[in-house]
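Chemist: the sequence isn't on hand, but the structure is:
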């Protein structure tokens, strides 16, 4: 297949031992592009209705896109998709690093992993050779140890693995690559654990071609020039994602004490980019084909807190294990980050679950008998570290209560604790606030995978902006994000592209003619496909809501939202082709080329 698509995916049934090849065909590639888009189509077709997220009938998709593995800046990403054990609906999470490039160079656009093994294995993909190897000696080891062992066994391979949290099927478990590249959201690590897959090991010796090398090279140079002249890119190169911590806290964007609403500048200063550079940074590193190199390698030696040289905390972790917990101890946050990475936990959901527990404890809803004697206080490094370990090991009453996230913990505990669970569809809110970036309020509420900060919504509604203009701008950002997650490349290297910018890149890479308008149709198609995936899984439009605490903060900062927020979700439904109750109309599905979904929508009503 010409262009940047390899034209085939591995289809592995772990139960039967069958290894097959899927060849979607050029029409399917054009309709669904790759990454999350192609993953949504494939998984909708192969995961049966009524499937259990941790059962063998669930399918884990590991998907690259046409941009993955090319020379385009930030082209090292890939997506993991499955039925989520955390939300019960569509799950997706992306990862940077080098694994996606290795998979493309091995000749594959992705892998579908069906079924399950009775004993632990790791999947080895060495170009066309595929096998699974016994991982009994790796089961129980942390992600750092696992990857180090597999690198010794398989030179020049790239590895993604799970820690003990994934092995124990903790619904917020993550997949780790190179110690700090994380597919953290939606519990994809638990899906790997349920299938008894300790790791995926990939070695590829081929190349990733593009259809128009000269035109693509021109676009690459243009983007590199834009990056080199960008103040944001320079700040990322020097301080990583922590460069914005002080600024966003001052704006009111960074949550504090489980989204209680106050600004804590002292905490942001302690966890800022300059503080990291001064106190714990060793060097900077980055992903394949990225000139920014935003990732920090850190080392901590502060008495009882020791962090071996390795990946340091990014912005989301500085929020979720820092300010969200009123925890301004930089060494403590770095240790909490290392512990989550080693055990294989999503730092966002982990921090949010702990924040919920601390608030419940402080309000007297949880007692010491519920926490196994852990005194849950705001900012307590020992309590935070103990709770992280309890979650990963599903240890004791507290670990078992929190391991499935704040939503299920609140449902189990009751007594009004649901109000402290800052989540949408079971996925805990990232560390950016809709009271500042208003579009995130819409995105968090309506995204099929739950609250995510990587899928658009970073829009502000100015004092003179109408609701309609703001909604249009927010929808445009969400549509671009669908293309990004399907292409697949990094948001940091693209800035704020238009759909036509993305169409030009895809066209030169694949040889297919794309337009901005066609990509808008594509983005809506992929949204609808994931939305109906949720309907079929039992999620209803009533799940498209923000936590009351967040809505109140939006309204306190700008009183217009008291009147306008109730109109936002219905206006979105109309714009995307859903009826007033939040179900896709038959006309919308036909226009999107999704006639086969009509029956599922009828059944869900």
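Modeler: Structure's in. What do you need? For clarity, every value in this text was computed on a predicted model and none was experimentally measured. Numbering: from 1, shown residues only.
Chemist: partners of the residue nearest the centre of the chain in the sheet?
Modeler: Centroid-nearest residue in the chain, with CA atoms, centre = their mean: residue 93, separated by 3.5 Å. Beta-bridge partners of residue 93, counted by DSSP bridges, are residue 80.
Chemist: how much space between it and residue 119?
Modeler: As defined by CB to CB, to the nearest Å, residue 93 lies at a distance of 26 Å from residue 119. Quick note: C-beta positions are derived from backbone N, CA and C, even for glycine.
Chemist: for residue 203, name its beta-bridge partners.
Modeler: Per DSSP bridges, the residues bridged to residue 203 are residue 126.
Chemist: burial count for it?
Modeler: 19 (other CB atoms under 10 Å).
Chemist: contact partners for it?
Modeler: 102, 106, 125, 126, 127, 154, 156, 157, 158 (CB atoms under 8 Å, 6 or more residues apart in numbering).
Chemist: show me which of the residues you listed are buried.
Modeler: In terms of neighbour count (16 or more other CB atoms under 10 Å), the buried residues within those are 102, 106, 125, 154, 157, 158.
Chemist: show me where the stretch 351-500 of the chain has its helices.
Modeler: Secondary structure of the stretch 351-500 of the chain (DSSP state H, counting those that start in this stretch): helices at 381-393, 396-402, 405-413, 438-446, 467-487, 499-510.
Chemist: do the stretch 201-350 of the chain as well
Modeler: 213-228, 231-239, 245-251, 265-270, 273-279, 315-320, 330-343, 347-362.
Chemist: give the contact list for the closest residue to residue 33 other than its chain neighbours.
Modeler: Distances taken as CB to CB, 6 or more residues apart in numbering put residue 486 closest to residue 33, at 4.2 Å, once the chain neighbours are dropped. Residues near residue 486 by CB under 8 Å, 6+ apart: 32, 33, 34, 35, 36, 37, 38, 65, 522, 526.
Chemist: return the per-residue confidence for the fourth one.
Modeler: So that's residue 35. Residue 35 is assigned 98 on the pLDDT scale.
Chemist: do the same with the last one
Modeler: On the pLDDT scale, residue 526 is placed at 98.
Chemist: now it, nearest residue through space, not along the chain?
Modeler: For residue 526, ignoring the flanking residues on the chain, the nearest one in space by CB to CB, 6+ apart is residue 37 at 4.5 Å.
Chemist: verify the stated contact: that neighbour with residue 527.
Modeler: No. Between residue 37 and residue 527 there is no contact under CB atoms under 8 Å: 9.9 Å.
Chemist: who has more neighbours, those two?
Modeler: In this view residue 37 and residue 527 are compared by other CB under 10 Å, and residue 37 has more residues nearby, 28 against 24.
Chemist: quick revisit: intersection of neighbour lists for residue 37 and residue 527?
Modeler: Common neighbours of residue 37 and residue 527, using CB under 8 Å, 6+ apart, are residue 482.
Chemist: now the residue nearest to the centre of the chain: how far from residue 592?
Modeler: Distance, residue 93 to residue 592, using CB to CB: 25 Å.
Chemist: what's the answer for residue 219, then?
Modeler: In this structure, residue 219 and residue 592 are 28 Å apart, going by CB to CB.
Chemist: ok, residue 358 - contacts?
Modeler: Contacts of residue 358 were listed using CB under 8 Å, 6+ apart, and they are 258, 325, 376, 377, 378, 383.
Chemist: most neighbours among the residues you listed, which one?
Modeler: The residue in the contacts of residue 358 with the most neighbours, by other CB under 10 Å, is residue 325 (31 neighbours).
Chemist: burial count for residue 605?
Modeler: Counted with other CB under 10 Å, residue 605 comes out at 9.
Chemist: name the nearest residue to it, ignoring sequence neighbours.
Modeler: residue 583 (6.1 Å).
Chemist: you'd agree that neighbour is up against residue 603?
Modeler: No. With contact defined as CB under 8 Å, residue 583 does not reach residue 603; the gap is 11.0 Å.
Chemist: the two: which is more packed in?
Modeler: Between residue 583 and residue 603, residue 583 has the larger neighbour count (other CB under 10 Å), namely 19 against 10.
Chemist: quick check, residue 461 in contact with residue 438.
Modeler: Yes. If you go by CB under 8 Å, residue 461 and residue 438 touch, sitting 4.7 Å apart.
Chemist: quick one, which of these two is more surrounded?
Modeler: The neighbour count for residue 461 versus residue 438, taken as other CB under 10 Å, is higher for residue 438 (27 against 22).
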